[in-house]
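Peer 1: Turn this into a model:
(one chain, ligands or ions: 1)
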Amino acid sequence: VAEARMKENEVDVQVAHFTVDNQDISLWPRGEWANSPTDPVFSSSPDPQLLGKIDDVKTSVHMLKGRAENVSVFLRSEIRKLRNKLEDSHTELQMLNGTLRVSNAQIQLLNSKLKNANNQLQTLMRGWQELDDLNSQIPMLKQDLAKTGELKTKVEQLRKDLQTLGTSLSRQRYILEMASQDWKYFQGNFYYFSTKRKSWYSAEQFCTTRDSHLTSVTSAKEQEFLYKTAAGISYWIGLTKTGSSGTWHWIDGTLYIERENARFWAKGEPNNGYGNEHCVNLEKSSLMSWNDVNCDGELQFICKKNPKPLEMDQLD
Ligand SMILES: [Ca+2]
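Peer 2: Residues are numbered from 1 along each chain as shown. Presented below is the predicted three-dimensional model:
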C-alpha cells in the first residue's frame, strides 16, 4: 500500500530534493541543481509562476514525508509482529521438538513392548504345539495305562506266588528242622520212630515231652506208611484200653472206630493173652499188623505230632 501511495505521488514530486528517514531523495538530478546556482533563471528575479510551482512541490514533499513516516511506523509494527510471530514459532518448534523426543521415547517403549508381546506369542504358540503333541500321545498313554493294569495283575499274581513260595519255604525249613531231629513227615504229620525201648507209659511220656503222643492210625495209607517204615521191628502205637473190660481208645484223642480199624489187627488179635494185654504194638510188616500185649513190656515206639498252624500253614 505504501509503495502504491509513493508511486501515486511520484508525479507531484518531480521538483524537489530532500531527506526522508536519513535518506536523500532527489526529484531531479542533484548535480544539475547544485551546478545551477548561477543559472540565469535564479540570478535574475524569480519567475512568480516558477516560485508557485516550487511551493506546490514543497507541500507535496511535506505530505510525502508524512506518508513515508506513516509507512515506516506501519512497517516497524509489522516487523515487530513478524518478529513476535517468529519467536512464537521458535517456542512452538522447541515444544514440538520436546514432544517429538517424548514421542520417540514412547515409540521405542512401544516397540520393546511389541517385541516382548511377540516373544510371548511365540512361547504360547510353542506351548500349543507341545499341547498338540501331548494330545496325540493320549491314545498311546491309554494303551500304556491298560498295560499297566495288566502289569498290576501280574505283579499281584507274582506277589501271591511269592507268598506261596515263602510259605512253602518256611514249611520246608520246618520239615528240615524236624527231619534233623529224626522226625519223618507224612501227609501233614511228623512221626518219630524211637531207637530206644520203653514201656508203653514211659514211651507216651517221652512223646508228650516232645509235644506229641504215641501214634494213632486213621487210614490204610497211614497204616501202610507206619509198617513199611517199621520194617518188621515191633513199635508201640497209641492204642490202649483201661483194664480187661475197657474199650480201645487212641491216647491222642482220635476217635477209635471199631469197624474201621478191624482190618489192621493181626490174625487172631486182639486176644488179651493172660488177661493182661491192654496196649497195642505194630508187630508185622503188613496192613494186618496190630497185636495187644502187656503194657509193661519194653519196645521201640512211634510218636506222632500234628504241627501247629503257626509252625506250618498247610500240609498236603
Ligand atoms: Ca495179643
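
Peer 1: can you list the domains in this protein?
Peer 2: As given by automatic domain parsing, the domain ranges for the chain are 2-96, 184-305.

Peer 1: What does the most centrally placed residue in the chain show for phi and psi?
Peer 2: The residue lying closest to the centre of the chain (Cα atoms, centre = their mean) is Leu134, at 14.4 Å. Main-chain torsions, Leu134, degrees, to the nearest 10: phi -60, psi -40.

Peer 1: For Lys221, see how far away it is.
Peer 2: Applying Cβ to Cβ, to the nearest Å, the value for Leu134 to Lys221 is 67 Å. In this view, the C-beta of every residue, glycine as well, is placed from N, C-alpha and C.

Peer 1: where along the chain do the helices fall?
Peer 2: In the chain, the helices defined using DSSP state H lie at 2-8, 30-34, 40-43, 48-180, 200-208, 220-230, 258-261.

Peer 1: possible to save those as a markdown table with distance to Leu299 and mean pLDDT?
Peer 2: Shown next, in a markdown table, are these (distance: least, Cβ to Cβ, whole Å; pLDDT from 0 to 100):
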| stretch | distance to Leu299 | mean pLDDT |
| --- | --- | --- |
| helix 2-8 | 170 | 53 |
| helix 30-34 | 186 | 48 |
| helix 40-43 | 201 | 50 |
| helix 48-180 | 23 | 90 |
| helix 200-208 | 8 | 98 |
| helix 220-230 | 11 | 97 |
| helix 258-261 | 20 | 92 |
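
Peer 1: among those, which is nearest the ion?
Peer 2: Closest approach to the ion among those is made by helix 200-208 (13.3 Å; Cβ to the ion).

Peer 1: Might you calculate how far the closest one sits from the centre of the chain?
Peer 2: Distance of helix 200-208 from its chain centroid, counting by Cα atoms, centre = their mean, to the nearest Å, is 71 Å.

Peer 1: who's in contact with that helix?
Peer 2: Helix 200-208 has contacts (Cβ atoms under 8 Å, 6 or more residues apart in numbering) with 192, 194, 198, 213-214, 236, 238, 240, 251, 279, 295-297, 299, 301, 303-304.

Peer 1: Gln181 - how many residues pack around it?
Peer 2: Neighbours of Gln181 under the rule other Cβ atoms under 10 Å: 9.

Peer 1: Now do the nearest residue to it once chain neighbours are set aside: how many residues are near it, please.
Peer 2: Closest residue to Gln181 apart from its sequence neighbours, by Cβ to Cβ, 6 or more residues apart in numbering: Tyr192 at 7.9 Å. Around Tyr192 there are 20 other residues, counting by other Cβ under 10 Å.

Peer 1: so Tyr192 makes contact with Ser212?
Peer 2: Yes: between Tyr192 and Ser212 a contact is recorded at 6.9 Å, counting by Cβ atoms under 8 Å.

Peer 1: Please enumerate the shared neighbours of the two.
Peer 2: Both Tyr192 and Ser212 are in contact with 303-305, where contact means Cβ under 8 Å, 6+ apart.

Peer 1: ok so, going back, partner residues bridging the residue nearest to Gln181?
Peer 2: Residues in a beta bridge with Tyr192, per DSSP bridges, are Trp183, Cys303.

Peer 1: Report the contact partners of it.
Peer 2: Residues near Tyr192 by Cβ under 8 Å, 6+ apart: 181-184, 207, 210, 212, 302-305.

Peer 1: mind checking how far it is from Asp211?
Peer 2: Counting by Cβ to Cβ, the separation of Tyr192 from Asp211 is 11 Å.

Peer 1: Overlap of the contact sets of those two?
Peer 2: Counting by Cβ under 8 Å, 6+ apart, the shared contacts of Tyr192 and Asp211 are Lys305.

Peer 1: residues in the chain within reach of the ion, list them.
Peer 2: 269, 271, 273, 277, 291-292 (Cβ under 5 Å from the ion).

Peer 1: switch to 8 Å and redo it
Peer 2: With the criterion set to Cβ under 8 Å from the ion, the chain comes near the ion through 266, 268-273, 277, 291-293.

Peer 1: want to throw these into TSV with neighbour count, distance to Gly188 and pLDDT?
Peer 2: What follows is those, written out as TSV (neighbours: other Cβ atoms under 10 Å; distance: Cβ to Cβ, whole Å; pLDDT from 0 to 100):
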residue	neighbour count	distance to Gly188	pLDDT
Ala266	18	27	96
Gly268	7	33	95
Glu269	18	28	94
Pro270	17	28	94
Asn271	12	33	95
Asn272	13	33	94
Gly273	12	35	92
Glu277	20	31	96
Asn291	21	27	97
Asp292	22	28	97
Val293	23	29	97
